[in-house]
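In: fold the stuff below for me.
(2 chains)
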Amino acid sequence: MSDGLDSEYLAYVHGRVQELRRTAYLLSGDRHQSDDLVQETLTKLYARWPRIRGVDNVDAYTHTMLVRAFLDDRRRGWWKVRLLNWTPEPAPPDQGEPEDRAVVRAALAQLPPRQQAVLVLRYLCDRPIKDVAELMRCSEGTVKSQTAHGLHRLREVLGPRFPQNDVARSRG
Amino acid sequence: MNDETMMIDDEGAVRLLAPLREEPDPRTAIDVSRAMAEGLRRRRLRRWSSGVAALAVTTVTIGGGTLAVSALHDDPPEPAPSPTATSTVASAPTAAAPAGVTACTVTRLPTGGVKKAVATAGDPSGRWAAGRLYSTQGHPVKTVIWKDGAIHQQLAMPGADADVVDLTSTGTGIANGYDAGDHQLAFRYDNGRFTRLPGTDVSARAINESGVIVGTLGTAEQDPLPIRWTSASAAPAKLPLPAGATLGSVADLAEDGTVVGAAGPRTNATTGYLWFPDGTGRYLPLPTMRDGKRATSFAPDAIRDGWVSGDAVLETKESTSFTPMRYRIATGEYEMLPSGIGGASAVSSEGWVAGEGRYSGALAIGSKLVELPAYGAKSTTPGAVTYDIRAISADGRVVIGYKAGDNLGNDPLRWTCT
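Out: Coordinates of the predicted model:
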């Protein structure tokens, strides 16, 4: 078979799969879903490998496919089935620890999918705005506005006890 | 834009999301070989739905009637699959039923209640099969050995991401897995136990009834080299490469010791090669694609009793296309398989080729096509559901493989034909 192609693909996957898993996990917050996202991304990558192995930035291409798979899944809504199994209700405004992973994750999940992706890519994957724009196939301006809207909404969902800024945090 | 940036408290945002900053669990269900199988299937799906498929409409197929290839559309919802399904091979108007095959039945190999499982290997007698039982609720993935369609053994996998890849008629086999350092290791399976084969960064590909094992040496970053273990305890020896070739790999091993694989001067320039038991070898000739163009390479998949099955490959800058073929070593002649079989995964002693079909597995007997029955509801879109065919028995009556649906579910399957 196209042994050469296959070994190139395998070499690429072995070098990148951990990074893909990490991004998928940060995006979805769910081990099973992140495995599914990476599995789907690697499948698409193999299906297209003869064409795309020569492109300038295979990495960006692959991560774009991963983000796309995440957005598609969120839009289809089946992830809710899974989240419902374990996600606690967001904490009532006046009690609970907002730092708690599950609470922040549940709050994030209430955002529109693109805002979720922008926040995760920027603040958990530490990607610069330019990268995020490339991965999301949108302008840097859109990344900035989605970030602003997403953060605003996230803070709304988390409630007033959550520190709004440095001043609030120093009070808490 | 700058104003907008100023409004965003990046540091605060990092802190807000910090509780989510975690590394993924080291356990993973990601299966690269399945991604490759499914990815290959999608490459072919494009072929079913493009020009080549038009040829299929004019082909009379046995059991399936006329194949109308329509535009891609969604499958109707699947009803619960029945445990077995039968397709009767009816005589088509212009073609007699292939000698000896009157009906084929599909059975889901038992999985002990595990929903997701695959069958990855079979043996020449058709009695044995092996595969994986995927985890449920955090339990590790297990290797499973089936005998006569029943679970014979369940055992821990030898290393991570392991697969049994071939079996003999006495139920011994070979498997590959990865160690903690991500080195690929090969194993022999015998009577409930895995024993490591000598060598590191090696993968075993095939074992014959004499216990000879062939495989490939090299990490994913290195050029592969074809190797042979004359027994499970012997160090692997490199198979000689033809002049000018610097790399090669093994696809399968015949009972007489003939090895089929590929060799070439560099990555992306390999083509089919035969290593004969007397130490000589030769390239397979380049076949002609279905559309009449000369293939750029031949990629063999299997060998048995003088037959080789595989794909004629035409690789261009834009695309890679495949035409499944059988090749007779004695005559040096290729035969194109009938339309309706998308791959040439395994070959019987009579040269029957088993591979993926449009809606299930398929069997090419001479110039005739037998569509193996689908498990569960038959898809209406060619290639929409993957059937990964892994083995055919020497007599051609038993085919082993698995179905992979859209929901990431898998069913290990065994077809028997009478």
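
In: name the helices or strands packed onto the host helix or strand of residue A:61?
Out: Secondary-structure assignment from DSSP states H and E places residue A:61 in helix A:58-76. Applying 3 or more CB pairs under 8 Å, 6 or more residues apart in numbering or on different chains; DSSP states H and E, we find helix A:58-76 packed against helix A:3-28, helix A:31-52, helix A:113-123, helix A:129-136. C-beta coordinates here come from the backbone N, C-alpha and C atoms, glycine included.

In: counting neighbours, what do you get for residue 33?
Out: With no chain named, the answer covers chain A. Residues within reach of residue A:33, counting by other CB atoms under 10 Å in any protein chain shown, total 21.

In: was after chain B, sorry
Out: Neighbour count for residue B:33, taken as other CB under 10 Å: 15.

In: that one - nearest residue in space that isn't next to it in sequence?
Out: Using CB to CB, 6 or more residues apart in numbering or on different chains and skipping the chain neighbours, the partner closest in space to residue B:33 is residue B:163 (6.6 Å).

In: could you give the mean pLDDT of the helix or strand hosting the one you found?
Out: Residue B:163 is located in strand B:160-167, with elements delineated by DSSP H and E. Strand B:160-167 shows a mean pLDDT of 87.

In: which non-adjacent residue is nearest the closest residue to chain B within chain A?
Out: Among the residues of chain A, residue A:46 lies closest to chain B, at 2.8 Å counting by CB to the nearest CB. Distance criterion CB to CB, 6+ apart; nearest residue to residue A:46, sequence neighbours excluded, is residue B:39 at 2.8 Å.

In: phi first, then psi, for the one you found.
Out: Per-residue torsions, residue B:39: phi -60, psi -40 (degrees, to the nearest 10).

In: which ones are touching it?
Out: A:42-49 (CB atoms under 8 Å, 6 or more residues apart in numbering or on different chains).

In: 6 Å - rerun?
Out: A:43, A:46-47 (CB atoms under 6 Å, 6 or more residues apart in numbering or on different chains).

In: possible to save the residues you listed as JSON lines with distance to residue B:412?
Out: Output for the contacts of residue B:39, formatted as JSON lines (distance: CB to CB, whole Å):
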{"residue": "A:43", "distance to residue B:412": "20"}
{"residue": "A:46", "distance to residue B:412": "22"}
{"residue": "A:47", "distance to residue B:412": "23"}
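
In: the spatially most central residue of chain A and residue A:119, how far apart?
Out: Against the mean C-alpha coordinate of chain A, by CA atoms, centre = their mean, the closest residue is residue A:27 at 2.5 Å. Residue A:27 sits 10 Å away from residue A:119, going by CB to CB, to the nearest Å.

In: quick one: residue B:254 and residue B:306 touch, right?
Out: No: in this structure, residue B:254 is not within contact of residue B:306 by CB atoms under 6 Å, at 7.9 Å.

In: which among the contacts of residue B:39 gets closest to residue B:12?
Out: Set against residue B:12, the nearest of the contacts of residue B:39 by CB to CB is residue A:43 (38.2 Å).

In: so that closest one sits against residue B:36, correct?
Out: No: applying CB under 6 Å as the test, residue A:43 and residue B:36 come out as separate, 8.1 Å apart.

In: which of those two has more neighbours?
Out: When neighbours are counted by other CB under 10 Å, residue A:43 and residue B:36 differ, and residue A:43 comes out ahead with 25 against 21.

In: got a pLDDT number for the more buried one?
Out: Looking at residue A:43, its pLDDT reads 91.

In: related to what we said a few turns ago, more crowded one of residue B:254 and residue B:306?
Out: Counted by other CB under 10 Å, residue B:254 and residue B:306 do not tie: residue B:254 has more neighbours, with 23 against 16.

In: residues in contact with the residue lying closest to residue B:304 once chain neighbours are set aside?
Out: Counting by CB to CB, 6+ apart, residue B:304 lies nearest to residue B:347, which is 5.0 Å off, once chain neighbours are set aside. Residues near residue B:347 by CB under 6 Å, 6+ apart: B:302, B:304, B:307, B:309, B:353.

In: give me the neighbour count for the last one.
Out: By that I understand residue B:353. Around residue B:353 there are 30 other residues, counting by other CB under 10 Å.

In: pretty sure it is in contact with residue B:309, am I right?
Out: Yes: the criterion here is CB under 6 Å, and residue B:353 meets it with residue B:309 at 4.6 Å.

In: overlap of the contact sets of the two?
Out: B:326, B:344, B:347.

In: am I right that residue B:391 sits in a strand?
Out: Yes: assessed by DSSP: H, G, I helix; E, B strand; the rest coil, residue B:391 belongs to a strand.

In: so what pLDDT did it get?
Out: For residue B:391, pLDDT reads 98.

In: excluding chain neighbours, give the residue nearest to it in space.
Out: residue B:122 (2.9 Å).

In: quick one: pLDDT of residue A:50?
Out: 76.

In: tell me, how many neighbours does it end up with?
Out: Residue A:50 is flanked by 21 other residues according to other CB under 10 Å.

In: give me every residue in chain B lying close to chain A.
Out: Within chain B, the residues that sit near chain A (CB under 6 Å from any CB of the partner chain) are B:1, B:4, B:8-9, B:12-14, B:17, B:19-21, B:24-25, B:28-30, B:32, B:35-36, B:38-39, B:42-43, B:220-221, B:249, B:262, B:267-268, B:270, B:299, B:320.

In: of those residues, keep whichever come out buried.
Out: Neighbour-count burial (16 or more other CB atoms under 10 Å in any protein chain shown) applied to those gives B:8, B:12-13, B:17, B:19-20, B:24, B:28-30, B:32, B:35-36, B:38-39, B:42-43, B:220, B:249, B:262, B:267-268, B:270, B:299, B:320.

In: and residue B:418, how far from chain A?
Out: According to CB to the nearest CB, to the nearest Å, residue B:418 and chain A sit 32 Å apart.

In: ok, now how distant is that residue from residue B:391?
Out: 18 Å.

In: so between those two, which is more surrounded?
Out: More neighbours surround residue B:391 than the other of residue B:418 and residue B:391, with 26 against 10 (other CB under 10 Å).

In: so in terms of bridging, what pairs with the more buried one?
Out: With DSSP bridges applied, residue B:391 shows beta-bridge pairing to residue B:400.

In: residues in contact with it?
Out: B:122, B:346, B:400.

In: the last one against residue B:390, yeah?
Out: Yes: with contact defined as CB under 6 Å, residue B:400 and residue B:390 form a contacting pair (5.2 Å).

In: and what about the nearest residue to residue B:300 once chain neighbours are set aside, helix, strand or coil?
Out: Nearest non-adjacent residue to residue B:300, counting by CB to CB, 6+ apart: residue B:310, 3.7 Å away. Following three-state DSSP, residue B:310 is assigned to strand.

In: any idea how many residues pack against residue B:310?
Out: Neighbour count for residue B:310, taken as other CB under 10 Å: 31.

In: so what's it bridging to?
Out: In this entry, residue B:310 is beta-bridged to residue B:300, residue B:325, by DSSP bridges.

In: surely it touches residue B:343?
Out: No: under the criterion of CB under 6 Å, residue B:310 makes no contact with residue B:343, lying 9.0 Å away.

In: if we can go back for a sec, distance of the residue nearest to residue B:391 relative to residue B:154?
Out: For residue B:122, the distance to residue B:154 - CB to CB - is 18 Å.

In: comparing the two, which residue is more hemmed in?
Out: When neighbours are counted by other CB under 10 Å, residue B:122 and residue B:154 differ, and residue B:122 comes out ahead with 29 against 14.

In: what residues are bridge-paired with the more buried one?
Out: Going by DSSP bridges, residue B:122 forms beta bridges with residue B:129.

In: surely it meets residue B:129?
Out: Yes: using CB under 6 Å, residue B:122 is in contact with residue B:129, at 4.9 Å.
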